[in-house]
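Colleague: Quick one: sequence plus predicted model below, questions after.
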Amino acid sequence: MVIPFAGCASDTSGKTDGENTESAGTANTEDTGLTPDVPDKNYSGASFTFFDRNEEYTGWQTIDCYAEQQNGEPINDAVWQRNSVVEDKFNIVIKELRSGMDMDKTLYNSVMAGEYIYDACMMRGTHSSLAAQNGSLFDLYSVNYIDLSKPWWDQNANSDFYIGGKLYFTCSDISISDKDGSWAMGFNKRLLEDNSLENPYDLVKNNLWTIDKMYEMAKTVSYDLDGDGIMTKDDVWGITAEGYDTYAMFFAGGERIFKNNAEGYPGSFSRLGKSSKKERCFITRHLSLIIGANQNLLN
């Protein structure tokens, strides 16, 4: 899952767009030798405001952009210390405003009203794409002092979100949300041994690990433990997952919904470009049926 750092309109208190955007992303780079190439400038107490996700985003509220004070929690204190360094270096005040599941609408209404109260946004992907379409976001390539070739920017995200020569949102090391949203797969070694199944590690090493193989193994171990004729949480399931895992497996297989054409706009389907629409739908449906098979998966 991709949570983007989107450059938004700055306020009108004399701060330029570039000055605001890169200041908030600047970190102490003395240990690595990396430098952000931002002018050493005094901004006279100007504010820089993050627009972040609130608790309506259950489990995904923003925790990595702003901290009011230290409280002994590692992430909170690291954010507070980072922001304090930036505030002292550039003489700015970092603030935060939070919103619920209508962030793109809130941002749009603010921009249309000429308020310009948000300097950077931490929105989910769907909201970021809507905000880009309705004109609420800057093209990050047009903002002074943002060098998207720096290693703290996610180059894969830069490439995938680049459309028509512009990049309105991407991912960077300022956020841990994209790391929290990484998918991983584990397996029960005892179930493998009890059912004399192949070792998934060996299957991966020999390029034999596929979604179909996973499904086959899941069917082998799934059974009605209590014998009541109904598969419930008290029985043995071959797979435990959630609905979004279908997308994860699709992308982990190297597939993309589309890729940009020579003009930089969404064009052909990556790796499925020679397939018909019917064939592409079959592949996606096949994944969904495997992940959602009632007798093999606890969702």
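Modeller: That came through, no problem. Predicted model only: the values in this text are computed from it and were never measured. Numbering: from 1, shown residues only.
Colleague: pLDDT score for residue 134?
Modeller: For residue 134, the model assigns a pLDDT of 92.
Colleague: Number of residues surrounding it?
Modeller: Burial of residue 134, expressed as a neighbour count using other CB atoms under 10 Å, amounts to 14. (Each C-beta comes from the backbone N, C-alpha and C, glycine too.)
Colleague: quick one, what contacts it?
Modeller: 104, 108 (CB atoms under 8 Å, 6 or more residues apart in numbering).
Colleague: Against residue 257, how distant is it?
Modeller: Note on residue 134: its distance to residue 257, by CB to CB, to the nearest Å, is 22 Å.
Colleague: cool, residue 129 as well?
Modeller: Residue 129 sits 13 Å away from residue 257, going by CB to CB.
Colleague: Quick check: which ranges of this protein have low pLDDT?
Modeller: 1-32, 268-299 (pLDDT under 70).
Colleague: For it, which segments count as strands?
Modeller: Counting by DSSP state E, the chain has strands at residues 5-7, 46-53, 92-99, 120-122, 169-170, 239-240, 297-298.
Colleague: Can you lay out these as TSV showing distance to residue 232 and mean neighbour count?
Modeller: Output for those, formatted as TSV (distance: least, CB to CB, whole Å; neighbours: other CB atoms under 10 Å):
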stretch	distance to residue 232	mean neighbour count
strand 5-7	42	27
strand 46-53	34	22
strand 92-99	39	18
strand 120-122	39	26
strand 169-170	42	24
strand 239-240	13	18
strand 297-298	9	18
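Colleague: who wins for proximity to residue 196 among those strands?
Modeller: Between residue 196 and these, the tightest spacing by CB to CB is seen for strand 239-240, at 18.8 Å.
Colleague: name the helices or strands packed onto the closest one?
Modeller: Applying 3 or more CB pairs under 8 Å, 6 or more residues apart in numbering; DSSP states H and E, we find strand 239-240 packed against helix 211-221, strand 297-298.
Colleague: Looking at the chain, which helix is longest?
Modeller: Under DSSP state H, the helix in the chain containing the largest number of residues is helix 74-90.
Colleague: Can you say which of the strands of the chain is nearest to residue 71?
Modeller: strand 92-99 (15.3 Å).
Colleague: That closest one pairs with which strands, and in what direction?
Modeller: Partner strands and pairing direction for strand 92-99 (DSSP bridges) are strand 46-53 (parallel).
Colleague: rewinding a little: need the strands of the chain in CSV (columns: distance to residue 71).
Modeller: Supplementary listing: the strands of the chain in CSV, determined by distance: least, CB to CB, whole Å:
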stretch, distance to residue 71
strand 5-7, 24
strand 46-53, 17
strand 92-99, 15
strand 120-122, 20
strand 169-170, 30
strand 239-240, 34
strand 297-298, 37
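Colleague: Quick one, which of these gets closest to residue 246.
Modeller: strand 297-298 (10.9 Å).
Colleague: Next, work out how far apart the nearest residue to residue 130 once chain neighbours are set aside and residue 126 are.
Modeller: Leaving aside its sequence neighbours, residue 130 sits nearest to residue 104 (CB to CB, 6 or more residues apart in numbering; 4.3 Å). Residue 104 sits 8 Å away from residue 126, going by CB to CB.
Colleague: Tabulate the helices and strands packed on strand 239-240 (JSON lines), appending distance to residue 111.
Modeller: Shown next, in JSON lines, are the helices and strands packed on strand 239-240 (distance: least, CB to CB, whole Å):
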{"stretch": "helix 211-221", "distance to residue 111": "43"}
{"stretch": "strand 297-298", "distance to residue 111": "43"}
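Colleague: still on that earlier bit, which of residue 129 and residue 257 has more residues huddled nearby?
Modeller: Between residue 129 and residue 257, counted using other CB under 10 Å, the more crowded position is residue 129 (18 against 13).
Colleague: which non-adjacent residue is nearest the more buried one?
Modeller: In space, residue 129 is closest to residue 169, 7.7 Å off (CB to CB, 6+ apart).
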